[in-house]
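**Student:** below: sequence and its predicted model.
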Amino acid sequence: MHFSRIFIERPIMTALLTFAILLFGIVGFRALPVAMLPSVDYPTIQVVAAQPGANPETMASAIATPLERQFSTIAGVRSITSANMQGGP
């Protein structure tokens, strides 16, 4: 006996089963928890500073550290990162 034959021979049962699955799906969908969406508006500032001929250690001590100190005084700043490298941007 084929699995589909049961549904072909009993159209009322097929309709009721389809309706029940649809009803449980709608009820289950409405019962799903919906959390508030997080705020994804992250304001950022990007500063590029270059000094020709300076090595990364000099850039870190003479330019990046003073800039980081100044930026840390801005209210609401949570994270500051810097990268110092040889060569230009």
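**Tutor:** It's in. Residues are numbered from 1 along each chain as shown.
**Student:** tally of neighbours for residue 69?
**Tutor:** Residues near residue 69, counting by other C-beta atoms under 10 Å, number 10. Yep, even glycine has a C-beta here, placed from its N, CA and C like the rest.
**Student:** actually residue 64, not the one I typed
**Tutor:** 19.
**Student:** for the one 4 residues further on, same thing?
**Tutor:** Other residues lying near residue 68 total 15 when counted by other C-beta under 10 Å.
**Student:** check the gap between the closest residue in space to it that isn't next to it in sequence and residue 72 for me.
**Tutor:** Excluding the flanking residues, the one nearest residue 68 by C-beta to C-beta, 6 or more residues apart in numbering is residue 80, at 5.2 Å. Note on residue 80: its distance to residue 72, by C-beta to C-beta, to the nearest Å, is 6 Å.
**Student:** these two: who's more crowded?
**Tutor:** Between residue 80 and residue 72, counting by other C-beta under 10 Å, residue 80 is the more crowded of the two (13 against 9).
**Student:** contacts only, for the more buried one.
**Tutor:** 68, 71, 72 (C-beta atoms under 8 Å, 6 or more residues apart in numbering).
**Student:** now intersect the residues you listed with the helices, please.
**Tutor:** Using DSSP state H, 68, 71 are the members of the contacts of residue 80 that sit in helices.
**Student:** lowest average confidence, helix or strand, in the chain?
**Tutor:** helix 56-59 (a mean of 83; mean pLDDT, DSSP states H and E).
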